[in-house]
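Student: Build me a structure from this.
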Amino acid sequence: MAVRTWDGNDATTPYDWSVSGNWLEGSVPVSTDDVVIPSGSAKITAGLNQSAVTLASLVFEDFDQDVGSSTGYLQIGVSGEVRFDLLGGQQFINLGSSSVSPIVNSSGGATSGQRALNVIGSALSTLVINGGSVGVALDAAQSATATTVKVLDGDVWLGENATVTTLYLTGGTVRQQCSTTTTELNGGSVRTVGTGTIGTLNVYGGTIQPESTGTITTANLYGGTINASASKASRTITTLNVLGQSSGSVMTDPDGVTISTLNLPTDRKFSLSVNP
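Tutor: Alright, predicted model coming up:
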């Protein structure tokens, strides 16, 4: 095990992960190495297929350059810490079958319809997003699987080929194009699009705007807002439960939304807002 620090300024072949001159220690990382991509280092645009390597850790420290592209991700395995502290650039990272829990603290910006940091992997455990512009499997040719996506802040897009068991928000903004077993809001906002389904929707705070044609099987409203009035697409909420001492609200449009079973509280009044 050794620490390898990216520099990217080899005299003849810069920007290539597989060239030893691009590493401060003079050696290309191998399995069990700890890799640091530091502030001030160069972009990474070649030698991107490192799928045979499983690092001990991969840490970006205030990095502000590009890594890979939408058609060529950096492919690398990691067994331990994966952390992104990014200040700019656009990064494309494929963690393969690594069962890891990446943490995103910040990112650069992105043009409309894109995200700055793009992550895929087939066995992600918990993806924690504390801030930044993050995409998961945005390209139709890419897929990703994550047990949990936890968003505390940031601007996140979950593509249609993402497989997510639980999406959990306390803040930030999420565009959910994929299906989830559970989506839970304690704050922030979610807009569903496409055809993705939600098994159980729990809303304690924040706002969800369901525009996907995929069914929400059970929606439990404890607080916050379910705004289903912003689209004319045909959608179904099989069961909507207004629970607890809910101070939440529901806005719906009968031209597009079918609520098969609506369970309202019996001990107090609750107003369901219907847009004509």
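Student: Am I right that Gly21 is in a helix?
Tutor: Yes - in this structure, Gly21 lies within a helix as judged by DSSP: H, G, I helix; E, B strand; the rest coil.
Student: residues touching it, list them.
Tutor: The neighbourhood of Gly21, defined by C-beta atoms under 8 Å, 6 or more residues apart in numbering, consists of Asp10, Ala11, Thr12, Thr13. C-beta coordinates here come from the backbone N, C-alpha and C atoms, glycine included.
Student: now, which of those residues sits nearest Ser247?
Tutor: Asp10 (60.2 Å; C-beta to C-beta).
Student: Mind picking the two most distant members of the contacts of Gly21?
Tutor: Largest separation among these by C-beta to C-beta: Ala11 and Thr13, giving 8.2 Å.
Student: the more surrounded of these two?
Tutor: Set side by side, Ala11 and Thr13 show more neighbours around Thr13, with 13 against 6, by other C-beta atoms under 10 Å.
Student: do you know how far that one is from Thr181?
Tutor: 46 Å (C-beta to C-beta, to the nearest Å).
Student: Could you chop the protein up by domain?
Tutor: Under the assignment named as automatic domain parsing, the residue ranges that make up the domains of the chain are 1-173, 179-276.
Student: need those domains in a markdown table with mean pLDDT, can you?
Tutor: Putting those into a markdown table (pLDDT from 0 to 100) gives the following:
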| stretch | mean pLDDT |
| --- | --- |
| domain 1-173 | 97 |
| domain 179-276 | 89 |
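Student: Which stretches in the stretch 1-150 of the chain count as strands?
Tutor: Counting by DSSP state E, counting those that start in this stretch, the stretch 1-150 of the chain forms strands over residues 3-5, 34-37, 49-55, 57-63, 74-78, 82-86, 91-94, 103-106, 117-120, 124-129, 133-136, 144-151, given from the N-terminal end onward.
Student: Distance to Leu221 and mean neighbour count added to the ones you listed, as a markdown table?
Tutor: Written out in a markdown table, the entries for the strands of the stretch 1-150 of the chain read as follows (distance: least, C-beta to C-beta, whole Å; neighbours: other C-beta atoms under 10 Å):
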| stretch | distance to Leu221 | mean neighbour count |
| --- | --- | --- |
| strand 3-5 | 50 | 16 |
| strand 34-37 | 43 | 20 |
| strand 49-55 | 44 | 17 |
| strand 57-63 | 39 | 21 |
| strand 74-78 | 39 | 21 |
| strand 82-86 | 34 | 22 |
| strand 91-94 | 37 | 24 |
| strand 103-106 | 29 | 20 |
| strand 117-120 | 31 | 26 |
| strand 124-129 | 25 | 21 |
| strand 133-136 | 27 | 27 |
| strand 144-151 | 20 | 22 |
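Student: Just put those in TSV and tack on distance to Thr217.
Tutor: Written out in TSV, the entries for the strands of the stretch 1-150 of the chain read as follows (distance: least, C-beta to C-beta, whole Å):
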stretch	distance to Thr217
strand 3-5	47
strand 34-37	42
strand 49-55	37
strand 57-63	37
strand 74-78	35
strand 82-86	33
strand 91-94	32
strand 103-106	30
strand 117-120	27
strand 124-129	24
strand 133-136	23
strand 144-151	19
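Student: now for the ones you listed, which one comes closest to Asn22?
Tutor: With C-beta to C-beta as the criterion, Asn22 lies closest to strand 3-5 of those, at 10.1 Å.
Student: which residues are contacting stretch 124-133?
Tutor: Stretch 124-133 is contacted by residues 84, 86, 95, 98-110, 115-117, 119, 136, 144-156, 172 when judged by C-beta under 8 Å, 6+ apart.
Student: The same query, at a cut-off of 7 Å, please.
Tutor: When contacts are taken as C-beta atoms under 7 Å, 6 or more residues apart in numbering, the neighbours of stretch 124-133 outside the stretch itself are 86, 95, 99-107, 109-110, 115-117, 119, 144-156, 172.
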